[in-house]
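Chemist: I'll drop the sequence and a predicted model, then ask my questions.
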Amino acid sequence: MEKLIKACVSILPKPLQDIYYKYEEKWLYVLFGGLTTVISIITKLIAFKAIPGEPKWESTFGVTFSWICAVTFAFFTNKKYVFKNETNTKKEFWTVFFSFYGARLATYFMEEAMFVILCDIMGINKTFITIISQFVIFIANYILSKIFVFRKKDGEAKQNG
């Protein structure tokens with residue numbers, strides 16, 4: 001994947017390459033965040049279609065199912081490509097893993113609240129809320145990942161910054 005990204009960047013004019021490398025983390029977050037969002041939307045809409053009769057718990061199931069799929073994809077892509085987080089022990093890995101899922105759990109509850117209030121109570125279209133909620137969650141997830149999950153250790157910040 002890294003080779004593919006570098007190959008794509010290499011065909012850009014030099015000024016655009018410079019911009020890419022200056023903001024590489026943010027560009028990669030947008031790329032993989034966009035893919036995560038697509039996974040979330042598709043899996044949520046599949047869940048909505050798979051449950052006949054639109055029971056009251058349909059929104060909760062759809063959000064939960066899509067959350068599991070999207071967060072699993074996001075964890076591995078964010079860890080490897082976006083924040084380039086290396087863990088040397090199982091304990092380090094699981095600490096980052098649970099921190100990531102914990103941060104995403106916070107935004108899950110934010111999204112669930114949006115669906116309960118806007119869809120279930122106010123009756124706003126689920127597809128519309130699915131799209132709007134993704135933008136809110138996208139920004140919140142970046143902030144939480146950057147500040148709490150994949151923060152640079154003191155030595156790394158001084159070496160890289």
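Modeler: On my side now, so go ahead. Everything numeric here is computed off the predicted structure, so don't read it as measured data.
Chemist: For this protein, which element, helix or strand, carries the lowest mean pLDDT?
Modeler: Ranking every helix and strand in the chain by mean pLDDT, DSSP states H and E puts helix 154-160 at the bottom, with a mean of 52.
Chemist: Now I39. Nearest residue, chain neighbours left out?
Modeler: Nearest-residue entry for I39: A70, 4.9 Å, with adjacent residues in sequence omitted and distances by C-beta to C-beta, 6 or more residues apart in numbering. The C-beta positions use only the backbone N, C-alpha and C, and glycine is treated the same way.
Chemist: Please apply the same query to G62.
Modeler: A47 (3.9 Å).
Chemist: could you list every residue that touches F65?
Modeler: Counting by C-beta atoms under 8 Å, 6 or more residues apart in numbering, F65 touches 43-44, 47.
Chemist: Where does it fall, secondary structure wise?
Modeler: Using DSSP states H and E, the element containing F65 is helix 58-77.
Chemist: could you give me the average pLDDT of the helix or strand just after that helix?
Modeler: Later in the chain than helix 58-77, the nearest helix or strand by DSSP H and E is helix 90-115. Averaging pLDDT along helix 90-115 yields 92.
Chemist: quick check: angle from helix 90-115 to helix 58-77?
Modeler: With axes from the mean of the first three to the mean of the last three C-alpha atoms, to 10 degrees applied, the angle from helix 90-115 to helix 58-77 works out at 150 degrees.
Chemist: pLDDT of the helix or strand that helix 90-115 is followed by, averaged?
Modeler: Using DSSP H and E, the helix or strand that follows helix 90-115 towards the C-terminus is helix 126-144. Helix 126-144 carries an average pLDDT of 88.
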